[in-house]
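fold the following and give me the result.
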Amino acid sequence: MLSDKRILAAVLAGAVLPALIGCGGGDATSSEPEALTKAEFVKRASTICSSVEARRIKAFESASKKGKNFLAGSNKELAELIASAGLPLYEEIIEELAALQPPPKEQGKWQAIIKRYEKALAEAEADPAKQIASDSFLPVRDAVEKLGVKNCTL
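Model prediction:
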């Protein structure tokens with residue numbers, strides 16, 4: 001015959017264990033970002049994108065010996081500035097954009113856009129001086145604007 005303590009332990013385990021298992025299962029899914037509505041997605045992506053220009057100018061001014069007149073330097077100086085101040089900022093912005101969860105209907109398009117941004121970043125990192133004459137991010141902008149995202153001037 002089972003002792004009273006064993007019966008009590010079995011009852012408690014039967015009552016508490018399912019609750020604990022239920023709690024653990026919820027934590028795994030709650031850490032994943034939820035897909036946004038199209039309007040929420042466009043608004044968040046536009047906010048991230050619109051912060052780029054101000055952040056880029058600030059970064060360039062801080063990194064440049066010429067301050068606000070950072071474009072007055074030579075092409076070599078400007079390429080060094082792009083590599084040191086601009087490209088790390090672009091990498092950060094691309095990561096922020098990639099973290100957004102678009103509506104299911106837009107996920108394929110958004111993943112393709114993020115891959116294009118990553119490719120443009122890799123090209124710019126390989127040859128920062130080329131960015132002066134030909135912006136590798138320019139072709140991606142049209143695709144972003146077609147989704148409704150504004151001010152994405154990476």
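
can you list the domains in this protein?
Here the domain assignment for the chain is 1-32, 38-146, based on automatic domain parsing.

show me the helices in this structure, by range?
Counting by DSSP state H, the chain has these helices, from start to end: 4-30, 38-63, 75-81, 87-99, 107-126, 130-133, 138-146.

dump the domains of the chain into CSV; add mean neighbour count as well.
C-beta: built from backbone N, CA, C; applies to glycine. Output for the domains of the chain, formatted as CSV (neighbours: other C-beta atoms under 10 Å):
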stretch, mean neighbour count
domain 1-32, 9
domain 38-146, 15
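
export the ones you listed to a markdown table and tack on distance to Leu154?
Shown next, in a markdown table, are the domains of the chain (distance: least, C-beta to C-beta, whole Å):
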| stretch | distance to Leu154 |
| --- | --- |
| domain 1-32 | 26 |
| domain 38-146 | 4 |
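
show me where pLDDT drops low in this structure?
Residue ranges of the chain with pLDDT under 70: 1-33, 66-71.

who's in contact with Ser136?
Ala120, Leu121, Glu123, Ala124, Lys130 (C-beta atoms under 8 Å, 6 or more residues apart in numbering).

among those, which two are most distant?
Greatest spatial distance among the contacts of Ser136 (C-beta to C-beta): Leu121 and Lys130, at 12.7 Å.

what sits closest to the most centrally placed residue in the chain if chain neighbours are left out?
In the chain, the centroid-proximal residue (C-alpha atoms, centre = their mean) is Glu96; its distance is 1.8 Å. If the residues on either side of it in the chain are set aside, Glu96 comes closest to Ile48, at 4.9 Å by C-beta to C-beta, 6 or more residues apart in numbering.

for the one you found, which residues are in contact?
By C-beta under 8 Å, 6+ apart, the neighbours of Ile48 are Ile93, Glu96, Leu97, Leu100.
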